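**Student:** only geometry, no sequence info:
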(Lines give C-alpha, C1' and ligand atoms only; values in the text may rest on other atoms or scores of the structure.)
Protein backbone atom coordinates (compact mmCIF):
# COMPACT_ATOMS: atom_id res chain seq x y z
CA UNK A 1 0.00 0.00 0.00
CA UNK A 2 2.87 2.41 0.81
CA UNK A 3 4.39 1.67 -2.59
CA UNK A 4 1.08 2.52 -4.29
CA UNK A 5 0.79 5.87 -2.52
CA UNK A 6 4.37 6.66 -3.43
CA UNK A 7 3.58 5.78 -7.02
CA UNK A 8 0.60 8.17 -6.98
CA UNK A 9 2.69 11.03 -5.58
CA UNK A 10 5.46 10.48 -8.14
CA UNK A 11 2.93 10.38 -10.98
CA UNK A 12 1.32 13.62 -9.93
CA UNK A 13 4.74 15.22 -9.51
CA UNK A 14 5.70 14.19 -13.02
CA UNK A 15 2.43 15.54 -14.50
CA UNK A 16 2.73 18.86 -12.73
CA UNK A 17 6.31 19.09 -13.95
CA UNK A 18 5.12 18.54 -17.47
CA UNK A 19 2.46 21.22 -17.00
CA UNK A 20 5.03 23.68 -15.75
CA UNK A 21 7.45 22.95 -18.57
CA UNK A 22 4.85 23.16 -21.31
CA UNK A 23 2.61 25.95 -20.01
CA UNK A 24 4.09 28.47 -22.42
CA UNK A 25 3.57 26.10 -25.34
CA UNK A 26 -0.22 26.04 -24.92
CA UNK A 27 -0.62 22.55 -23.45
CA UNK A 28 -4.23 21.49 -23.25
CA UNK A 29 -4.95 21.72 -19.51
CA UNK A 30 -8.20 19.81 -19.79
CA UNK A 31 -6.43 16.86 -21.34
CA UNK A 32 -3.75 16.98 -18.65
CA UNK A 33 -6.30 16.94 -15.84
CA UNK A 34 -8.13 14.10 -17.58
CA UNK A 35 -4.92 12.08 -17.54
CA UNK A 36 -4.37 12.92 -13.92
CA UNK A 37 -7.91 11.82 -13.04
CA UNK A 38 -7.44 8.59 -14.96
CA UNK A 39 -4.17 7.91 -13.16
CA UNK A 40 -5.81 8.61 -9.81
CA UNK A 41 -8.63 6.19 -10.55
CA UNK A 42 -6.15 3.53 -11.57
CA UNK A 43 -4.19 4.03 -8.38
CA UNK A 44 -7.39 3.97 -6.33
CA UNK A 45 -8.27 0.64 -7.88
CA UNK A 46 -4.86 -0.68 -6.96
CA UNK A 47 -5.32 0.58 -3.41
CA UNK A 48 -8.70 -1.15 -3.16
CA UNK A 49 -7.20 -4.33 -4.52
CA UNK A 50 -4.42 -4.17 -1.94
CA UNK A 51 -6.97 -3.58 0.81
CA UNK A 52 -8.88 -6.67 -0.28
CA UNK A 53 -5.67 -8.71 -0.32
CA UNK A 54 -4.82 -7.43 3.15
CA UNK A 55 -8.26 -8.41 4.45
CA UNK A 56 -7.87 -11.86 2.92
CA UNK A 57 -4.49 -12.28 4.60
CA UNK A 58 -5.96 -11.22 7.95
CA UNK A 59 -8.83 -13.67 7.57
CA UNK A 60 -6.46 -16.48 6.62
CA UNK A 61 -4.29 -15.67 9.63
CA UNK A 62 -7.35 -15.70 11.90
CA UNK A 63 -8.48 -19.08 10.57
CA UNK A 64 -4.99 -20.54 11.02
CA UNK A 65 -4.85 -19.24 14.59
CA UNK A 66 -8.19 -20.92 15.34
CA UNK A 67 -6.97 -24.20 13.83
CA UNK A 68 -3.77 -24.09 15.93
CA UNK A 69 -5.78 -23.35 19.08
CA UNK A 70 -8.12 -26.29 18.38
CA UNK A 71 -5.14 -28.55 17.70
CA UNK A 72 -3.63 -27.68 21.09
CA UNK A 73 -7.00 -28.34 22.74
CA UNK A 74 -7.14 -31.79 21.14
CA UNK A 75 -3.56 -32.58 22.22
CA UNK A 76 -4.26 -31.45 25.79
CA UNK A 77 -7.53 -33.41 25.89
CA UNK A 78 -5.83 -36.57 24.68
CA UNK A 79 -3.06 -36.13 27.25
CA UNK A 80 -5.62 -35.69 30.04
CA UNK A 81 -7.59 -38.75 28.93
CA UNK A 82 -4.43 -40.86 28.78
CA UNK A 83 -3.50 -39.80 32.31
CA UNK A 84 -6.99 -40.68 33.55
CA UNK A 85 -6.73 -44.11 31.93
CA UNK A 86 -3.29 -44.67 33.50
CA UNK A 87 -4.58 -43.71 36.97
CA UNK A 88 -7.65 -45.95 36.58
CA UNK A 89 -5.52 -48.85 35.36
CA UNK A 90 -3.03 -48.38 38.19
CA UNK A 91 -5.85 -48.24 40.75
CA UNK A 92 -7.40 -51.45 39.40
CA UNK A 93 -4.05 -53.25 39.49
CA UNK A 94 -3.40 -52.13 43.06
CA UNK A 95 -6.88 -53.25 44.13
CA UNK A 96 -6.38 -56.70 42.59
CA UNK A 97 -2.94 -57.01 44.18
CA UNK A 98 -4.20 -55.98 47.62
CA UNK A 99 -7.07 -58.47 47.43
CA UNK A 100 -4.69 -61.27 46.50
CA UNK A 101 -2.36 -60.41 49.39
CA UNK A 102 -5.23 -60.09 51.89
CA UNK A 103 -6.75 -63.39 50.76
CA UNK A 104 -3.39 -65.09 51.28
CA UNK A 105 -3.18 -63.84 54.88
CA UNK A 106 -6.79 -64.86 55.50
CA UNK A 107 -6.11 -68.40 54.28
CA UNK A 108 -3.05 -68.56 56.53
CA UNK A 109 -5.11 -67.49 59.56
CA UNK A 110 -7.77 -70.14 58.98
CA UNK A 111 -5.07 -72.80 58.56
CA UNK A 112 -5.32 -73.41 54.81
CA UNK A 113 -1.57 -73.09 54.26
CA UNK A 114 -1.55 -74.68 50.82
CA UNK A 115 -4.03 -72.11 49.55
CA UNK A 116 -2.06 -69.32 51.26
CA UNK A 117 1.11 -70.50 49.51
CA UNK A 118 -0.67 -70.47 46.17
CA UNK A 119 -1.97 -66.92 46.70
CA UNK A 120 1.35 -65.48 47.88
CA UNK A 121 3.21 -67.04 44.96
CA UNK A 122 0.59 -65.62 42.62
CA UNK A 123 1.10 -62.18 44.13
CA UNK A 124 4.89 -62.31 43.79
CA UNK A 125 4.71 -63.50 40.20
CA UNK A 126 2.14 -60.93 39.04
CA UNK A 127 2.94 -57.90 41.17
CA UNK A 128 6.72 -57.94 41.79
CA UNK A 129 6.97 -54.15 42.10
CA UNK A 130 4.14 -53.32 44.48
CA UNK A 131 4.35 -52.47 48.17
CA UNK A 132 3.39 -55.83 49.69
CA UNK A 133 6.15 -57.83 48.00
CA UNK A 134 8.33 -58.03 51.12
CA UNK A 135 5.43 -59.05 53.34
CA UNK A 136 4.32 -61.66 50.81
CA UNK A 137 7.79 -63.25 50.90
CA UNK A 138 7.67 -63.34 54.71
CA UNK A 139 4.19 -64.83 54.84
CA UNK A 140 5.15 -67.34 52.18
CA UNK A 141 8.04 -68.49 54.37
CA UNK A 142 5.66 -68.86 57.29
CA UNK A 143 3.11 -70.77 55.24
CA UNK A 144 5.78 -73.18 53.96
CA UNK A 145 6.99 -73.67 57.53
CA UNK A 146 3.48 -74.50 58.78
CA UNK A 147 3.14 -76.95 55.89
CA UNK A 148 6.45 -78.51 56.98
CA UNK A 149 7.98 -77.66 53.60
CA UNK A 150 11.10 -76.45 55.40
CA UNK A 151 13.45 -76.23 52.42
CA UNK A 152 11.01 -73.95 50.57
CA UNK A 153 10.43 -72.03 53.78
CA UNK A 154 14.17 -71.44 54.17
CA UNK A 155 14.39 -70.13 50.59
CA UNK A 156 11.53 -67.72 51.17
CA UNK A 157 12.98 -66.37 54.42
CA UNK A 158 16.41 -65.91 52.85
CA UNK A 159 14.84 -64.15 49.87
CA UNK A 160 13.07 -61.81 52.26
CA UNK A 161 16.18 -61.12 54.35
CA UNK A 162 18.43 -60.50 51.34
CA UNK A 163 16.43 -57.50 50.14
CA UNK A 164 14.57 -56.15 53.14
CA UNK A 165 17.00 -55.69 56.04
CA UNK A 166 15.19 -52.51 57.10
CA UNK A 167 11.80 -54.14 57.20
CA UNK A 168 9.98 -53.87 60.59
CA UNK A 169 9.67 -57.67 60.68
CA UNK A 170 13.31 -58.40 59.85
CA UNK A 171 14.12 -59.37 63.46
CA UNK A 172 11.08 -61.64 63.53
CA UNK A 173 12.33 -63.37 60.42
CA UNK A 174 15.66 -64.15 62.12
CA UNK A 175 13.93 -65.99 64.93
CA UNK A 176 11.45 -67.72 62.61
CA UNK A 177 14.15 -68.85 60.18
CA UNK A 178 16.26 -70.19 63.05
CA UNK A 179 13.37 -72.52 63.96
CA UNK A 180 13.17 -73.68 60.34
CA UNK A 181 16.93 -74.36 60.32
CA UNK A 182 16.55 -76.43 63.50
CA UNK A 183 13.98 -78.58 61.69
CA UNK A 184 16.50 -78.97 58.88
CA UNK A 185 19.20 -79.97 61.42
CA UNK A 186 21.29 -76.92 60.54
CA UNK A 187 21.98 -76.14 64.19
CA UNK A 188 25.10 -74.03 63.77
CA UNK A 189 23.37 -71.73 61.30
CA UNK A 190 20.38 -71.55 63.63
CA UNK A 191 22.64 -70.46 66.50
CA UNK A 192 24.24 -67.78 64.36
CA UNK A 193 20.84 -66.33 63.48
CA UNK A 194 19.69 -66.39 67.09
CA UNK A 195 22.89 -64.68 68.19
CA UNK A 196 22.47 -62.03 65.52
CA UNK A 197 18.97 -61.33 66.76
CA UNK A 198 19.93 -61.27 70.46
CA UNK A 199 22.80 -58.84 69.87
CA UNK A 200 21.13 -56.73 67.22
CA UNK A 201 17.66 -56.47 68.76
CA UNK A 202 18.02 -56.74 72.56
CA UNK A 203 14.66 -55.07 73.23
CA UNK A 204 12.64 -57.05 70.73
CA UNK A 205 9.60 -58.96 72.00
CA UNK A 206 11.04 -62.25 70.70
CA UNK A 207 14.55 -61.77 72.12
CA UNK A 208 13.70 -63.62 75.34
CA UNK A 209 12.51 -66.64 73.35
CA UNK A 210 15.59 -66.38 71.14
CA UNK A 211 17.83 -66.50 74.27
CA UNK A 212 16.04 -69.55 75.59
CA UNK A 213 16.20 -71.34 72.25
CA UNK A 214 19.88 -70.51 71.88
CA UNK A 215 20.64 -72.05 75.28
CA UNK A 216 18.73 -75.23 74.36
CA UNK A 217 20.81 -75.86 71.25
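**Tutor:** Received, thanks. None of these values were measured; they are calculated from a predicted model. Numbers count the residues shown, from 1 in each chain.

**Student:** so where is the protein shaky, pLDDT-wise?
**Tutor:** 1-41, 43-45, 50, 59, 67, 69-90 (pLDDT under 70).

**Student:** can you get me a residue count around residue 127?
**Tutor:** Counted with other CB atoms under 10 Å, the neighbours of residue 127 add up to 19. All C-beta spots, glycine's among them, are computed from the backbone N, C-alpha and C.

**Student:** excluding covalently adjacent residues, which one is nearest to it?
**Tutor:** residue 97 (4.2 Å; CB to CB, 6 or more residues apart in numbering).

**Student:** what of residue 189?
**Tutor:** residue 181 (5.0 Å).

**Student:** which residues are in contact with that neighbour?
**Tutor:** 154, 187, 189, 190, 193 (CB atoms under 8 Å, 6 or more residues apart in numbering).

**Student:** picking that back up, ok, the residue nearest to residue 127 - contacts?
**Tutor:** 123, 126, 127, 130, 132.

**Student:** the third one and residue 91: what is the separation?
**Tutor:** Taking CB to CB, to the nearest Å as the measure, residue 127 falls 14 Å from residue 91.

**Student:** what helix or strand does residue 151 sit in?
**Tutor:** For residue 151, the element it lies in under DSSP states H and E is helix 150-163.

**Student:** ok, residue 141 touching residue 157?
**Tutor:** Yes - here residue 141 reaches residue 157: they are 4.1 Å apart, a contact under CB atoms under 8 Å.

**Student:** between these two, which contacts overlap?
**Tutor:** Shared contacts of residue 141 and residue 157, counting by CB under 8 Å, 6+ apart, come down to 173, 176, 177, 180.

**Student:** now the contacts of residue 97: which count as buried?
**Tutor:** 123, 127, 130, 132 (16 or more other CB atoms under 10 Å).

**Student:** next, the buried residues of the helix holding residue 151.
**Tutor:** 150, 152, 153, 154, 156, 157, 159, 160, 161.

**Student:** residue 178 versus residue 211, what's the distance?
**Tutor:** For residue 211 relative to residue 178 (CB to CB), the value is 12 Å.

**Student:** about what we covered before: what helix or strand is the residue nearest to residue 189 on?
**Tutor:** Counting by DSSP H and E, residue 181 is found in helix 170-183.

**Student:** and that helix, what's buried?
**Tutor:** Those would be 170-182, for helix 170-183 by 16+ other CB under 10 Å.
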